[in-house]
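S.K.: only geometry, no sequence info:
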């Protein structure tokens, strides 16, 4: 089990041996393969990795957002004191938004285009808190003020397409916070934004997390984003956690070759005009995973043993683990 902050006791999120398989295609797609994660109260965990590594699938499983007929899920998922896999019907609807809420990657698609931003926030408030329309509207206005949207009274009556990308993402954050959840899930919340707005959104998320004491899982492929807001990093590859630990330890002393490759390929660290040190090859086919380490075909340190044996997690420091047979 991955370590939490030193002050944490009972985790707010406790995922054990999570496996998610999609069955709608010709071959089953093994998107998540035995993930263990624990997040303490007030802690921020960043899930880091390339596209297709299983980050967003893991995140969406916490809200049971996958189509039930085409998804097989096994393992234990506990969040905010609830057994997520046991919830159904009204209990699941009450859980979403009230206990655990989510910021989606593209707010223009996540927000309903035919209702104003204020109507959508107020609807969420009324659904979970049973207050009057006037009280819900007042709460919506207060939330827009909290996420620092300029002229919040005017934006309350705006439709999503009438707002900039940064304002839409702020409105999405306000909607996610509408019912005071304990857990906030953020799926690549800054991907579609320019660099200046990205920084503003990250600072806002960090301030709100500290102010409200939220437990957060942040999905990102950007190491800089993870360093800015997270307490711990969990690096995913082919549906498995290959390394996890405190941000400082993972960034300063990465142990898994994949984590080392991600850090080495950052443009931030490259000399002007120099070629980036990219990871060779491509991620594996999740419908035909190899029996051994999934990263072995791309790893310069791999030998025959790596292709035959699935490595377990090894402790490499306090709260720091990595899944590699070649760790010294």
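M.R.: Structure received. Here the structure is a predicted model, which means the values were calculated and not measured. Numbers count the residues shown, from 1 in each chain.
S.K.: Report the contact partners of the spatially closest residue to residue 62 that is not a sequence neighbour.
M.R.: Excluding the flanking residues, the one nearest residue 62 by Cβ to Cβ, 6 or more residues apart in numbering is residue 79, at 5.5 Å. Quick note: C-beta positions are derived from backbone N, CA and C, even for glycine. Residue 79 makes contact with 12-14, 62, 99-100, 183, according to Cβ atoms under 8 Å, 6 or more residues apart in numbering.
S.K.: can I get those residues in JSON lines with pLDDT, secondary structure and distance to residue 108?
M.R.: Below are the contacts of residue 79 laid out as JSON lines (pLDDT from 0 to 100; DSSP: H, G, I helix; E, B strand; the rest coil; distance: Cβ to Cβ, whole Å):
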{"residue": "12", "pLDDT": "96", "secondary structure": "coil", "distance to residue 108": "30"}
{"residue": "13", "pLDDT": "97", "secondary structure": "strand", "distance to residue 108": "28"}
{"residue": "14", "pLDDT": "97", "secondary structure": "strand", "distance to residue 108": "34"}
{"residue": "62", "pLDDT": "96", "secondary structure": "coil", "distance to residue 108": "23"}
{"residue": "99", "pLDDT": "94", "secondary structure": "coil", "distance to residue 108": "26"}
{"residue": "100", "pLDDT": "96", "secondary structure": "strand", "distance to residue 108": "23"}
{"residue": "183", "pLDDT": "97", "secondary structure": "strand", "distance to residue 108": "24"}
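S.K.: Highest neighbour count among the residues you listed?
M.R.: Among the contacts of residue 79, residue 13 has the most neighbours (other Cβ atoms under 10 Å), with 25 neighbours.
S.K.: Isn't that residue up against residue 81?
M.R.: No. Counting by Cβ atoms under 8 Å, residue 13 does not reach residue 81; the two are 10.5 Å apart.
S.K.: one step back: now the two most distant members of the contacts of residue 79.
M.R.: With Cβ to Cβ as the measure, no two of the contacts of residue 79 lie farther apart than 14 and 99, at 14.0 Å.
S.K.: Tell me how far the closest residue to residue 229 other than its chain neighbours lies from residue 56.
M.R.: The shortest distance from residue 229 to any non-neighbouring residue, by Cβ to Cβ, 6+ apart, is to residue 206 (4.8 Å). Distance, residue 206 to residue 56, using Cβ to Cβ, to the nearest Å: 21 Å.
S.K.: more crowded one of those two?
M.R.: Each of residue 206 and residue 56 has its neighbours counted (other Cβ under 10 Å); residue 56 has more, 19 against 15.
S.K.: ok, that one - contacts?
M.R.: Shown in contact with residue 56 (Cβ under 8 Å, 6+ apart): 105, 187-188, 219.
S.K.: repeat that with 10 Å
M.R.: Under the criterion of Cβ atoms under 10 Å, 6 or more residues apart in numbering, the neighbours of residue 56 are 31, 47, 65, 104-105, 185, 187-188, 219.
S.K.: ditto for residue 80
M.R.: Residue 80 neighbours (Cβ under 10 Å, 6+ apart): 12-13, 62, 95, 98-100, 181-183, 215.
S.K.: Out of those, flag the one nearest to residue 167.
M.R.: Residue 167 lies nearest to residue 181 out of those, by Cβ to Cβ, at 21.7 Å.
S.K.: Chain neighbours aside, what residue packs nearest to that closest one?
M.R.: Using Cβ to Cβ, 6+ apart, the nearest residue to residue 181 is residue 101, at 4.1 Å.
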